[in-house]
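Engineer: build me a model:
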Amino acid sequence: MPVSSQRLAGKTAVITGTASGQGRAAALAFAAAGATVLGCDMDDDGAAATVAQVIAAGGSMSSSRVDLADEAAVAEWARKVAESHAQVHILYANAAVTRFAPLEQLTYADWKWNVEHEMDVVFLPVKYFWPQLIAAPHAAIVLVGSTAGVTGSMTNGRLAHTATKGAVVAMTKQLAAEGAPHGIRVNAVSPGMIRTAATEGNLLAPDHPMRTIAGSIPLGRIGAPEEVAKCALFLASDEASYVTGANLMVDGGWSAVLPG
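Structural biologist: Numbers count the residues shown, from 1 in each chain. The predicted structure follows:
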């Protein structure tokens, strides 16, 4: 059966972190598939630019300024969405930021910061949008893990990042179990090396040991945000109606092989 280009028609999709990178790509892809996109970010200019791009392409999107690590702010955002929209069908918990450091340089403050900005920013939207997703037919949640959540790294000190992304992958499985009785599917995408403004500034910077990592990726290249968005779109759509608890690796085969 052919896949409809409007596979999300009539659905409302909440996407976090839509001001740039993978979040912006997801907003454009979900809107192009027919969804009404409700985004959020703390970057006002970036968020406005994403909304403008979606609308220019014929889609429907609005954005709110929300600190996803602030429980009261997330609860209030969910309450306002419930007042303004009849149903929320999809939650794509995309937003996260990280700090990299090997163990000997990792402070307890950095550890707690990573937990807040990679785990709390997932937990809080899921918690506060959960009632709306229960009420919607065929609801779907997509979380964002990482290759860091399933493998270690010899070239990048990242204990806190590995722990938090591993937790997101584990959350996916437990939420799938708890969501199933309510008809909520929960899956994750785990990107590998994706070229964004953030990775250009650290992992792919000229002085970073991972700058040549494409040579260790079976497909031989760095991924694009749009490639992650397409996978998230599939998992959020009814095309994946019999998929829940899955962690889809979007990494060019990086995590599937040993180097050399």
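
Engineer: CA atoms for contacts and neighbours, from now on please.
Structural biologist: Will do.

Engineer: can you list the low-confidence ranges for the chain?
Structural biologist: Residue ranges of the chain with pLDDT under 70: 1-4, 260.

Engineer: and the helices in it?
Structural biologist: Here the chain has its helices, by DSSP state H, at 21-32, 44-56, 71-84, 108-114, 121-135, 159-179, 197-201, 225-236.

Engineer: roughly how far out does the longest one sit from the chain middle?
Structural biologist: Relative to its chain's centre, helix 159-179 lies at 12 Å (Cα atoms, centre = their mean, to the nearest Å).

Engineer: contacts for it?
Structural biologist: If you take Cα atoms under 8 Å, 6 or more residues apart in numbering as the criterion, helix 159-179 is touched by 98-103, 110-111, 114-115, 118-119, 122, 143-146, 148-152, 184-188, 244-247.

Engineer: which positions in that helix come out as buried?
Structural biologist: 159-173, 175-177, 179 (16 or more other Cα atoms under 10 Å).

Engineer: how many neighbours does residue 150 have?
Structural biologist: 16 (other Cα atoms under 10 Å).

Engineer: meant to ask about residue 131
Structural biologist: 14.

Engineer: now residue 40
Structural biologist: Counted with other Cα under 10 Å, the neighbours of residue 40 add up to 25.

Engineer: now do the one 4 residues further on
Structural biologist: Residue 44 is surrounded by 13 other residues when neighbours are defined as other Cα under 10 Å.

Engineer: excluding its backbone neighbours, what's nearest it?
Structural biologist: Nearest non-adjacent residue to residue 44, counting by Cα to Cα, 6 or more residues apart in numbering: residue 65, 7.0 Å away.

Engineer: quick check: beta-bridge partners of the one you found?
Structural biologist: The residues listed as beta-bridge partners of residue 65 by DSSP bridges are residue 41.

Engineer: list the contacts for it?
Structural biologist: Contacts of residue 65 (Cα under 8 Å, 6+ apart): 40, 41, 42, 43, 44.

Engineer: with distance to residue 55 added, can I get those residues in CSV?
Structural biologist: Conversion of the contacts of residue 65 to CSV gives the following (distance: Cα to Cα, whole Å):
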residue, distance to residue 55
40, 16
41, 17
42, 20
43, 18
44, 17
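
Engineer: closest to residue 90 out of those residues?
Structural biologist: Residue 90 has its nearest neighbour among the contacts of residue 65 in residue 40, at 14.2 Å by Cα to Cα.

Engineer: distance of that closest one from residue 166?
Structural biologist: For residue 40, the distance to residue 166 equals 24 Å [Cα to Cα, to the nearest Å].

Engineer: and for residue 235?
Structural biologist: As defined by Cα to Cα, residue 235 lies at a distance of 19 Å from residue 166.

Engineer: now stretch 16-31 - C-alpha only, PDB.
Structural biologist: Extracted in PDB, the C-alpha atoms of stretch 16-31 (Å, rounded to 0.1, in the frame of the first residue of the first chain):
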ATOM      1  CA  THR A  16      10.000  20.200  21.600                       C
ATOM      2  CA  GLY A  17      13.100  22.100  20.600                       C
ATOM      3  CA  THR A  18      12.100  23.300  17.200                       C
ATOM      4  CA  ALA A  19      14.300  26.400  16.800                       C
ATOM      5  CA  SER A  20      17.000  24.600  14.800                       C
ATOM      6  CA  GLY A  21      18.600  21.400  13.800                       C
ATOM      7  CA  GLN A  22      16.700  18.200  14.100                       C
ATOM      8  CA  GLY A  23      13.700  19.900  15.800                       C
ATOM      9  CA  ARG A  24      13.300  22.300  12.900                       C
ATOM     10  CA  ALA A  25      13.600  19.400  10.400                       C
ATOM     11  CA  ALA A  26      10.900  17.500  12.300                       C
ATOM     12  CA  ALA A  27       8.600  20.500  12.400                       C
ATOM     13  CA  LEU A  28       8.900  20.900   8.600                       C
ATOM     14  CA  ALA A  29       8.400  17.200   8.000                       C
ATOM     15  CA  PHE A  30       5.500  16.700  10.300                       C
ATOM     16  CA  ALA A  31       3.700  19.800   8.900                       C
END
